[in-house]
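Student: next come a sequence and a model predicted from it.
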Amino acid sequence: MSYLSVRDLRVHFPTDDGLVKSVDGLTFDLDRGKTLGIVGESGSGKSVTSMSIMGLHDPRSVRMSGSIQVGGDELVGAAPGLVRSLRGKRMAMIFQDPLSAMHPFYTVGNQIIEAYQVHNAVSRKAARTHAIDMLDRVGIPQASTRVDDYPHQFSGGMRQRAMIAMALSCDPDLLIADEPTTALDVTVQAQILDLIRGLQAEFNSAVIIITHDLGVVAELADDILVMYAGRAVEYAPADEVFGHPQAPYTWGLLGSMPRLDRAPTDRLIPIKGSPPSLIQVPPGCPFNPRCAQRDLVGSRCTTDRPEFRDTGGGHWVACHLSDADRTRVWTEEIEPKL
């Protein structure tokens, strides 16, 4: 059994304007030692999925159904105390903006010490020694003195390293990184990705990388889950997604990504239109208003929701196009333009 198992997850938020279907029937698995990249445009449901796994939604403002199992423990509908006992020890999260995720009134060391002592019966002196060791392991120089600095005294890259040290302080089995390199320059991005990869190898953690940057998942992920409008549209090993993508939305994402392994084209190809409102998701395939291949299918695109199915070899896709049409369009029309 996979360490993380998500089945038919639905996360809806009632609002005055209607029901926001942020995640609407999501299923995937993740084993320890493996990395899953979740990609998609803003509003596709990536971060809501991660917050659901961590149990960070206010139960008074969310309707959640389906199943999330971490190490065999069911989290949907679980008592808050159980989720709190798992958070930090069994699962941890690196947030997109460490400056807002870390408390400005407490030193970085105190925040790591608190996280460590919650799950380990150790003295404050031992916890401080552990905090210094973790800061040193994530590459923060002079960790024995920087441990007493406040978050605002760290640069963006160093804050992100401190956030990783805090997340890894209890050796979690599952690590979720939500846009971990978005606000960082490319040199620091590469350092952070190398750090996550090295620490994963050391701790044998299951890792989820949530991003809109396909370059990041190409660097790290074993498998890729492509989300659109709160649903999965493609799920496959990373080399399959980059080498033989089958969903028109994935084709659009790849077309908007610069490639270094091929001669550059004149310009990147953006996906036409905008993501739909999650209150009024289009009927049928939610991508149909933006899909250049919908005429190959006809009215089914606007009336029937495509089934998320295995097309062979663990490559899942939700699309009404036939297997033959998807292969032809990719090889003859899409791939030559990338």
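Tutor: Yep, that arrived. Numbering: from 1, shown residues only.

Student: need the longest helix for the chain.
Tutor: Longest helix in the chain by number of residues (criterion: DSSP state H): helix 186-203.

Student: for the residue nearest in space to the middle of the chain, phi and psi?
Tutor: Closest residue to the average C-alpha location of the chain: Ile210 at 2.2 Å, with C-alpha atoms, centre = their mean. When read as degrees, to the nearest 10, the backbone of Ile210 gives phi -110, psi 120.

Student: residues contacting it?
Tutor: By C-beta atoms under 8 Å, 6 or more residues apart in numbering, the contact list for Ile210 reads 37-38, 46-47, 49-50, 176-179. To be clear about C-beta, it is placed using only N, CA and C from the backbone, and glycine gets the same treatment.

Student: just list whatever residues bridge to it.
Tutor: Ile38, Asp178 (DSSP bridges).

Student: that one and Gly243: what is the separation?
Tutor: Ile210 sits 22 Å away from Gly243, going by C-beta to C-beta, to the nearest Å.

Student: before we move on, what about Glu202?
Tutor: 30 Å.

Student: what do you get for Phe105?
Tutor: Taking C-beta to C-beta, one finds Phe105 at 49 Å from Gly243.

Student: more neighbours, these two?
Tutor: Gly243 (10 against 7; other C-beta atoms under 10 Å).

Student: and which of the contacts of Ile210 is nearest to Pro237?
Tutor: Using C-beta to C-beta, Gly37 is the member of these that lies nearest Pro237, at 10.8 Å.

Student: let me see the contact set for the closest one.
Tutor: With contact set as C-beta under 8 Å, 6+ apart, Gly37 has these partners: 208-211, 216-217, 220-221, 223-225, 238.

Student: and for Ala78?
Tutor: Gly55.

Student: so which strand or helix has it?
Tutor: For Ala78, there is no helix or strand it lies in under DSSP states H and E.

Student: cool, and the one 5 residues further on?
Tutor: In the assignment (DSSP H and E), Val83 maps to helix 80-86.

Student: mind listing what's buried in that helix?
Tutor: By neighbour count with 16 or more other C-beta atoms under 10 Å, helix 80-86 contains the buried residues 83, 86.

Student: what's that helix in contact with?
Tutor: Against helix 80-86 from outside (C-beta under 8 Å, 6+ apart): 55, 59, 70-71, 73, 75.

Student: how about Val317, nearest residue that isn't a chain neighbour?
Tutor: Excluding the flanking residues, the one nearest Val317 by C-beta to C-beta, 6 or more residues apart in numbering is Gln246, at 4.4 Å.

Student: try Gln280
Tutor: Using C-beta to C-beta, 6+ apart and skipping the chain neighbours, the partner closest in space to Gln280 is Gly18 (7.3 Å).

Student: read off the pLDDT value for that neighbour.
Tutor: Looking at Gly18, its pLDDT is 93.

Student: make residue 1 into 105 and carry on from there
Tutor: In the new count, where the first residue is 105, that last one comes out as Gly122.

Student: surely it touches Ile383?
Tutor: Yes: judged on C-beta atoms under 8 Å, Gly122 makes contact with Ile383 at a distance of 4.1 Å.

Student: alright, I will stop here.
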